[in-house]
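# Pasting the sequence and the predicted coordinates here, then a few questions.
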Amino acid sequence: MSKKIILYRHGKSDWEADYKNDHERPLARRGIKSAKTMGKLLAYSEQFPELVITSSALRAKQTLELSVKAGNWICDVIEDDKLYYGGIEAILDTIQKLPKNYSIVMLVGHEPKWSTMISEFIGGGEITVPTAAMARIDFDTNLWSEISWSSGTLRWMLQPSFFTKGSFDL
């Protein structure tokens, strides 16, 4: 058995909306559409997370809510400020403390953290995670505590634009 992490960047946010601070910025119409598309895609692929940890930022929570509803996922959900305010080491610490009964965990968060984390997990390389994209990284271990930098393999990265431009219809 192995552990799998899906890093999911929030959908496109609405810079024109009325919001108090960056943390409260909502999704744009395109972000809403993309979140629904990605929720259906994950359901179609049957790679459901058992646990989702989401950033406390409004756009991340909205992305998750729309994806779960569109894909009809059933999973545990935790909100964690570290995904917004913390650095990658704090997020890695959260991952390493996950209960062993989960095999697939999704983290919903932000750039540039997700690109940096993917690069660190796979031992280098230039990675850019577009809005509403998901990347799955696999680890050859049964224990979350053994996950470390340079110990993962990037299995796939999918972005909604591929699925919304007529290439594939969900």
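Yep, that arrived.
# distance from the centroid: which residue in the protein tops it?
Asp18 (25.3 Å; C-alpha atoms, centre = their mean).
# tell me which element that residue is part of?
Per DSSP states H and E: Asp18 is located in neither a helix nor a strand.
# Distance of it relative to Ser55?
Distance, Asp18 to Ser55, by C-beta to C-beta, to the nearest Å: 21 Å. For every residue, glycine as well, the C-beta is placed using N, CA and C.
# Give the buried residues for the longest helix seen in the chain.
Taking DSSP state H as the criterion, the chain has its longest helix at helix 29-45. If you call a residue buried by 16 or more other C-beta atoms under 10 Å, then helix 29-45 has these buried ones: 30-43.
# now those residues as TSV including distance to Arg136?
Output for the buried residues of helix 29-45, formatted as TSV (distance: C-beta to C-beta, whole Å):
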residue	distance to Arg136
Arg30	23
Gly31	21
Ile32	23
Lys33	22
Ser34	18
Ala35	17
Lys36	20
Thr37	17
Met38	12
Gly39	15
Lys40	17
Leu41	12
Leu42	10
Ala43	15
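# re earlier: what packs against the longest helix of the chain?
The contact analysis (3 or more C-beta pairs under 8 Å, 6 or more residues apart in numbering; DSSP states H and E) places helix 29-45 against helix 58-71, strand 134-139, helix 160-164.
# Since that was my last question, I'll sign off now.
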